[in-house]
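> predicted coordinates and the sequence they were generated for:
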Amino acid sequence: MLVWFLISLILSIASNIIFLKSKKSLKQVEREEGLASHKVKNGTKTMAGIIFVIIPCLLSIIYLIIKKEFIFEVFFLSLTYFLFGIVGFIDDFLKVVKKNNLGLSSRLKMILLILVSGLLFFLLLTFGYETSVVIFNFQISMGFFYGLFILFMYASVTNACNFTDGIDGLCGGVSLIILIGFIIISNFNKNDDVLTFILIVVASILAFYHFNFPKAKFFMGDTGSLAIGGLLTSLAIIFKTYDVFIFMCLIFIFEALSVVVQIIYFKLTKGKRIFLMSPLHHHLELRGHKEIIINIIFYIAQIIALYIGLLIGGFI
């Protein structure tokens with residue numbers, strides 16, 4: 001496992017350096033309505049998430065070839081990671097080509113997310129995964145509605161992960177903490193194949209994080225955030241840790257809720273706002289907090305939530 005981790009880390013660091021030095025124009029354009037403090041980030045390269053998506057997917061294929069057997073969990077996780085990464089890549093590509101921050105329309109992006117989620121649901125059914133959900137020791141048999149349930153999970157987590165990718169190092173750092181939780185869960189379940197895949201992903205994201213914190217040299221883009229959100233959801237589905245996953249995704253949940261609450265309140269009050277700006281990290285920025293302080297606060301909150309979740313789930 002350590003060998004796979006190191007191979008992924010070395011390949012990812014080398015790829016990031018090449019990406020950074022490349023003269024190809026893949027530059028971010030900050031939204032006009034965005035924070036004034038973020039205007040200095042105009043021209044920063046984006047789509048770096050393609051590196052920590054492609055490398056783990058390629059290494060997982062090599063891993064399966066070496067093992068000389070089809071391991072559904074590894075295949076399923078790799079496919080999830082790749083497909084959601086593709087959706088994000090399309091979005092990023094449109095942003096870069098058009099030199100704006102609009103990308104895919106919300107409707108088209110949701111259609112693509114539904115199609116990917118539907119394919120993954122079909123694979124789960126094909127390989128005999130149960131359509132029941134256990135939440136806090138209550139088993140709920142869902143049947144057809146299980147498809148709608150995981151569609152909701154994929155859509156909500158990928159979008160929440162995307163919302164969290166707003167300041168340097170936040171999404172990458174929070175995602176690494178959550179993945180550490182899944183390393184513990186994989187080890188507890190003695191699933192070495194999935195554990196190896198997670199370590200490969202962690203190494204690759206860790207390489208990205210090195211160049212992204214405390215000041216980003218490039219951004220992961222939707223390619224990275226949607227891929228991470230999809231992968232984390234699939235890990236929760238594979239291990240059936242739906243209740244623990246709520247705690248594991250605490251920061252993502254708060255970030256997404258801040259957006260939803262802001263929109264609803266704005267419409268109900270015809271223009272009033274609860275937050276200075278959503279998601280939550282932007283509100284804190286406008287309150288005068290530096291990015292690094294916000295990151296540290298969110299990291300600590302995520303670690304505490306992760307510990308509580310793992311404790312409740314009986315994994316520690």
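Right, received. Where do you want to start? Numbers count the residues shown, from 1 in each chain.
> what about the strands in the chain?
Along the chain, counting by DSSP state E, strands occupy 132-135, 138-141.
> any stretches of the stretch 101-250 of the chain with poor pLDDT?
Within the stretch 101-250 of the chain, the set of residues satisfying pLDDT under 70 comprises 101.
> what about the strands of the chain, which gets the closest to residue 243?
strand 132-135 (4.7 Å; CB to CB). (C-beta placed from N, C-alpha, C; glycine too.)
> counting contacts, what elements does that closest one pack onto?
Applying 3 or more CB pairs under 8 Å, 6 or more residues apart in numbering; DSSP states H and E, we find strand 132-135 packed against strand 138-141, helix 145-164, helix 242-248.
> I'd like these laid out as CSV, including distance to residue 307.
Formatted as CSV, the helices and strands packed on strand 132-135 follow (distance: least, CB to CB, whole Å):
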stretch, distance to residue 307
strand 138-141, 23
helix 145-164, 20
helix 242-248, 9
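> of those, which is nearest residue 276?
Nearest of these (CB to CB): helix 145-164, 15.7 Å.
> spatially nearest residue to residue 176 (excluding sequence neighbours)?
residue 205 (5.9 Å; CB to CB, 6 or more residues apart in numbering).
> now residue 283
residue 275 is the one closest to residue 283 (CB to CB, 6+ apart), at 4.0 Å.
> also residue 49?
Nearest non-adjacent residue to residue 49 (CB to CB, 6+ apart): residue 224, at 2.1 Å.
> can you give me the distance of that neighbour to residue 74?
20 Å (CB to CB, to the nearest Å).
> which positions within the helix of greatest length in the chain qualify as buried?
In the chain, taking DSSP state H as the definition, the longest helix is helix 72-98. By neighbour count on 16 or more other CB atoms under 10 Å, the buried set for helix 72-98 is 73-96.
> can you give me the angle it makes with helix 145-164?
50 degrees (axes from the mean of the first three to the mean of the last three CA atoms, to 10 degrees).
> pull the distance from helix 72-98 to the chain's centre.
The chain centroid and the centroid of helix 72-98 are separated by 11 Å, computed with CA atoms, centre = their mean, to the nearest Å.
> ok, which stretches of the protein are helices?
Using DSSP H, helices in the chain cover 2-21, 49-67, 72-98, 106-126, 145-164, 170-188, 192-212, 221-239, 242-248, 250-268, 280-286, 291-312.
> just checking, the residue nearest to residue 49 touches residue 52?
Yes - using CB atoms under 8 Å, residue 224 is in contact with residue 52, at 6.4 Å.
> list the residues that contact residue 262.
Applying CB atoms under 8 Å, 6 or more residues apart in numbering to residue 262 gives the contacts 273, 274, 275, 278.
> now do stretch 1-16: everything it contacts.
48, 51-52, 55-56, 59, 63, 192, 195-196, 199-204, 206-208, 210-211, 218.
> closest one to residue 117 among the helices and strands packed on strand 132-135?
Among those, the nearest to residue 117 by CB to CB is helix 145-164 (4.3 Å).
> what angle do that closest one and helix 291-312 make?
Going by the same axes, to 10 degrees, helix 145-164 makes 150 degrees with helix 291-312.
> using CSV, write out every CA atom in helix 145-164.
Extracted in CSV, the C-alpha atoms of helix 145-164 (Å, rounded to 0.1, in the frame of the first residue of the first chain):
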residue,chain,number,x,y,z
PHE,A,145,-36.6,4.8,-4.0
TYR,A,146,-33.0,3.8,-3.2
GLY,A,147,-32.2,5.2,-6.7
LEU,A,148,-33.7,8.5,-5.8
PHE,A,149,-32.0,8.5,-2.5
ILE,A,150,-28.5,8.0,-3.9
LEU,A,151,-29.3,10.5,-6.7
PHE,A,152,-30.0,13.0,-3.9
MET,A,153,-26.8,12.1,-2.2
TYR,A,154,-24.6,12.5,-5.3
ALA,A,155,-26.3,15.8,-6.3
SER,A,156,-26.1,17.3,-2.8
VAL,A,157,-22.6,16.2,-1.9
THR,A,158,-21.0,17.1,-5.3
ASN,A,159,-22.6,20.6,-5.2
ALA,A,160,-21.7,21.1,-1.5
CYS,A,161,-18.1,20.1,-2.3
ASN,A,162,-18.2,22.6,-5.2
PHE,A,163,-19.5,25.4,-2.9
THR,A,164,-16.7,24.7,-0.4
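> now for the strands of the chain, which one comes closest to residue 229?
Going by CB to CB, the one of these nearest residue 229 is strand 132-135, 19.3 Å.
> how about the closest one: buried residues?
Applying 16+ other CB under 10 Å to strand 132-135 flags residue 133 as buried.
> adjacent strands (with direction) for that strand?
Here strand 132-135 is paired, per DSSP bridges, with strand 138-141 (antiparallel).
> so for the partner strand, what gets flagged as buried?
Going by neighbour count (16+ other CB under 10 Å), nothing in strand 138-141 comes out as buried.
> likewise stretch 305-316?
Quick answer for stretch 305-316 (16+ other CB under 10 Å): 305, 306, 309, 310, 313, 315.
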